[in-house]
Structure formats: C-alpha cells, structure tokens
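**Student:** coordinates only, sequence not included:
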C-alpha cells in the first residue's frame, strides 16, 4: 500500500474554544478555508497544538468529525488525526473512528507514562493501531521532548521492517539530523519524513525534506513558502534571513508563556480560537497589549497569513 508523500506546509491547528473553555467546532469550516487560502495543504489535528491530551474522548471525536465534514470532497487537503497517547486501546478506537469518517491519516505518539522499553515494543504498538485503520495512512509522531521516549526513529523503522502496510511516515519533531537523514534512506526512501520544528525548517530543506507540520503555519504560512522559494532558487542568504525572522516570531511564544501564545497570534489574523485549557496558562489582557506591540515590531503584518 502506498500513499502520496506530502510536499508543502501542514498546519497543526488550534482547537477552537469558546469563552467558557468548551469546544467551538463551528469555527472549523472558516479555519479550513483560511488555511486553504494560504496554500496550506493539510491539518494535523488533536496534536500538541490542538490540545488533544486536554480533551475527552468524545471531544476528540467531535473535532475530528468537524474537520472531516469541513474538508469533505477536497482530496488535496490531507487531515491527519493524532489518535494516541497513553492508551493503545483508546488509540485503536480513535483509529477506527478516523477511518470511518474518511480522514486521510492517523498519527500515534509514544506512550509517555508507561514508556516502551525498546524499538520492538514501540513497533508492536504501531502495528496494532495501524491495523485498526488499514486503509488509512499511519504516521508515527516523534516528539521526545514531551513523551520522554528517546527511541531513535531509525531503530523504529528497522523494527517495523515493512510489516505495517499503511505505515506512511514520520512527523519528526526533534533535532537529531543524523537520525532524520538516515530514515530518509530506509528502503529506498519509502517513508514520508515530515519535519516538525518550524524554527529550523531550513535545515530540513537542506536535507531534502519538503513536507513539514507546524503550529506557526497557522498564522505565518507565507513566510515559510517564501523561505522555501528562496532556498529552491539558490538564495541561501535570503532563506537564512527568513528563517531568523521565523525564530524571532517563535521567541515571543516563550516570552509570553509558551504554547498558548499561538492562540494570541490567531486573534491577530482574525480567527479567535479562545484560550488553552489548564494546566496551560493564557496571557492576561495587559500582556496581550504588550504582545501586540512586540508582534508589530516584527513586521508581522507583512508576512502573516491573510
């Protein structure tokens, strides 16, 4: 079974919430159209940015269904749903649901409480979940900074050894370029290696990876396409300057409290996705005013998604 390798930007959408912290799935059709307008080719839903770990099982299904409905009939826009997580049983249930509603792909990240002890154990988890949705592209989501699972993807893919027919690729959110490049060569480049660190995407372009999943693609997609074009045209200095502009934008996430700052950026591009749920802390009204000044100083208006 083969799936197309994804070339372009895949956003990791924020899950829209109302003022009371409840799901606001009514915003998702507009959100989808906004991403399409900015040449984003897909959505990686219910992930870190999408607060999948802060939702109930029923909520995660509602979010997936809303994205499935909003993108229905658009074969060019690929929706990948993160199905797990700590519970393989839950992940199997979400995988089956994702296939039933017609999503392009599912993703699974390493259990982060009882961690797999080896690449073979992690491969067994992947095998069971992928088998629950045999006609759906399966991606493993590698993000050891959050899962604490440091099994190399090179070892994982060799443990899989072609035994999972719908294993399409990896969402690689780590900085081990040796591991990443080696994975690109496994089985004659069989696996779709999607880069997951917006702040060093240029380094992935150098290695030949042209598909990426990121949170800042929600609100600054034109910046990354400009960087890609500069790199493609051999203007490495321009590409490097654009990457630094991306880094400056991302530094504000840290300055204003972390991942929730992304939803503040979304307000500035006209999509109010509400706030993050606890334990994540949202910025105060005073901080938001300061944030707006810092964003203006970046020249955000010149490269933001519109």
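**Tutor:** That came in fine, so what should we check first? Keep in mind that this is a model prediction, so the values were computed, not measured. Residues are numbered from 1 along each chain as shown.
**Student:** bridging residues for residue 107?
**Tutor:** residue 82, residue 139 (DSSP bridges).
**Student:** so that it lines up with my notes, have the first residue be 22 from now on.
**Tutor:** Yep, numbering from 22; the last one is residue 128 now.
**Student:** distance of it from residue 191?
**Tutor:** Taking C-beta to C-beta, to the nearest Å as the measure, residue 128 falls 9 Å from residue 191. Where C-beta positions appear, they are placed from N, C-alpha and C, glycine not excepted.
**Student:** who touches both of the two?
**Tutor:** 160-162 (C-beta atoms under 8 Å, 6 or more residues apart in numbering).
**Student:** highest neighbour count among those?
**Tutor:** Counting neighbours by other C-beta atoms under 10 Å, residue 160 leads the shared contacts of residue 128 and residue 191 with 29 neighbours.
**Student:** which residues does that one contact?
**Tutor:** Applying C-beta under 8 Å, 6+ apart, the residues near residue 160 are 101, 126-129, 189-192, 213, 215.
**Student:** before we move on, what about residue 33?
**Tutor:** Here residue 33 is in contact with 64-66, 68-71, 234-236, 238-239 (criterion: C-beta under 8 Å, 6+ apart).
**Student:** pLDDT added to these, as CSV?
**Tutor:** Listed next are the contacts of residue 33 as CSV, based on pLDDT from 0 to 100:
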residue, pLDDT
64, 98
65, 98
66, 98
68, 95
69, 93
70, 96
71, 96
234, 98
235, 97
236, 98
238, 98
239, 98
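**Student:** which residues are in contact with the lowest-mean-pLDDT helix or strand in the chain?
**Tutor:** Ranking every helix and strand in the chain by mean pLDDT, DSSP states H and E puts helix 165-168 at the bottom, with a mean of 94. For helix 165-168, contacts defined as C-beta under 8 Å, 6+ apart pick out 69, 130-133, 136, 171, 194-195.
**Student:** next secondary structure element downstream of it?
**Tutor:** Toward the C-terminus, helix 165-168 is succeeded by helix 174-181 as the next helix or strand (DSSP states H and E).
**Student:** parallel or antiparallel, which strands does the next helix-or-strand element following that following helix pair with?
**Tutor:** Going down the chain from helix 174-181, the next helix or strand is strand 188-193, by DSSP H and E. Take DSSP bridges as the rule and strand 188-193 pairs in its sheet with strand 158-163 (parallel), strand 213-216 (parallel).
**Student:** give me the angle between the host helix or strand of residue 100 and strand 158-163.
**Tutor:** Using DSSP H and E, residue 100 falls within strand 99-105. With axes from the mean of the first three to the mean of the last three C-alpha atoms, to 10 degrees defining the directions, strand 99-105 sits at 60 degrees from strand 158-163.
**Student:** for whichever helix or strand comes after strand 99-105, name the packing helices and strands.
**Tutor:** Per DSSP H and E, the first helix or strand lying C-terminal to strand 99-105 is helix 109-121. Secondary-structure packing of helix 109-121 (3 or more C-beta pairs under 8 Å, 6 or more residues apart in numbering; DSSP states H and E): helix 78-91, strand 99-105, strand 126-130, helix 140-152.
**Student:** looking at the ones you listed, which is closest to residue 39?
**Tutor:** helix 78-91 (12.7 Å; C-beta to C-beta).
**Student:** can you map out the helices along the stretch 222-327 of the chain?
**Tutor:** 222-228, 238-253, 257-276, 282-289, 306-318 (DSSP state H, counting those that start in this stretch).
**Student:** picking that back up, of all the helices and strands packed on helix 109-121, which one comes closest to residue 45?
**Tutor:** helix 78-91 (9.7 Å).
**Student:** who does that closest one touch, helix- and strand-wise?
**Tutor:** Using 3+ C-beta pairs under 8 Å, 6+ apart as the test, helix 78-91 ends up in contact with helix 49-58, strand 63-66, strand 99-105, helix 109-121.
**Student:** what does that helix rub up against?
**Tutor:** 34, 36, 44, 46, 49-50, 52-53, 64, 66-67, 71, 73, 76, 100, 102, 111, 114-115, 118-119, 122-124.
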